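> I'd like to go over a predicted model; first the sequence, then the structure.
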Amino acid sequence: MALINDFQTTTRRSSDLSKHSAEVFAEAEDHTVKITRRDGEPLVLMSQRAADAHAALLQLAADLITVTLDDEGTLASRMADRFPWMFALSTADQAICAQDLVDAARASFSTGQSHLAIAELTSWRETATAIAAGLSTRPVEWLVENELVERP
């Protein structure tokens, strides 16, 4: 499996790094650049952000494989054991979260777009964090518009 599963990969010659380095670096900030060499295997140039996203997606893949190999309990309970922040969610939300994470991971793996799974994971983790901090889904009491409040 190739590291580059990016739909916007550009291929450049190694000589372009010395002749047009600013241009090549600007491309690498936007998308992955494959550098071909006459004397060796091609190299990949990408931003740290892209490399971190690939690493995070691989870690999520490892976590999901570990969860799916276990056969005790529901998918949601196994995922909550792997991702303890899920315990802040209700039982129903844990099940939804588990399925959403699997679906987003499958979409990421099949399209090479790591942000799909990472955004889903981050969204659910932040939701759990907010719930744990005392924020909830209870309706907010808004002040009635044009209601005068006495000055202290």
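Okay, I see it.
> and the host helix or strand of Leu101, what does it pack against?
Assessed by DSSP states H and E, Leu101 sits inside helix 91-111. When contacts are defined as 3 or more CB pairs under 8 Å, 6 or more residues apart in numbering; DSSP states H and E, helix 91-111 sits against helix 48-69, helix 75-82, helix 114-132. C-betas here are computed from N, CA, C, even on glycine.
> what residues are up against the most centrally placed residue in the chain?
Computing the C-alpha centroid of the chain and ranking residues by CA atoms, centre = their mean puts Ile118 first, at 1.1 Å. When contacts are counted by CB atoms under 8 Å, 6 or more residues apart in numbering, Ile118 touches Ala53, Ala56, Leu57, Leu60, Ser108.
> the first one contacts His115, correct?
Yes: the pair Ala53 and His115 qualifies as a contact (CB atoms under 8 Å) at a distance of 6.5 Å.
> okay, those two: which has more neighbours?
Set side by side, Ala53 and His115 give different neighbour counts by other CB atoms under 10 Å, the larger being at Ala53 (18 against 13).
> and the gap between the more buried one and Ala62?
The span separating Ala53 from Ala62 equals 15 Å under the rule CB to CB, to the nearest Å.
> can you check Thr10 too?
The value you get for Thr10 to Ala62, if CB to CB is used, is 29 Å.
> of those two, which one has the most company?
Using other CB under 10 Å, the more surrounded residue of Thr10 and Ala62 is Thr10, with 16 against 11.
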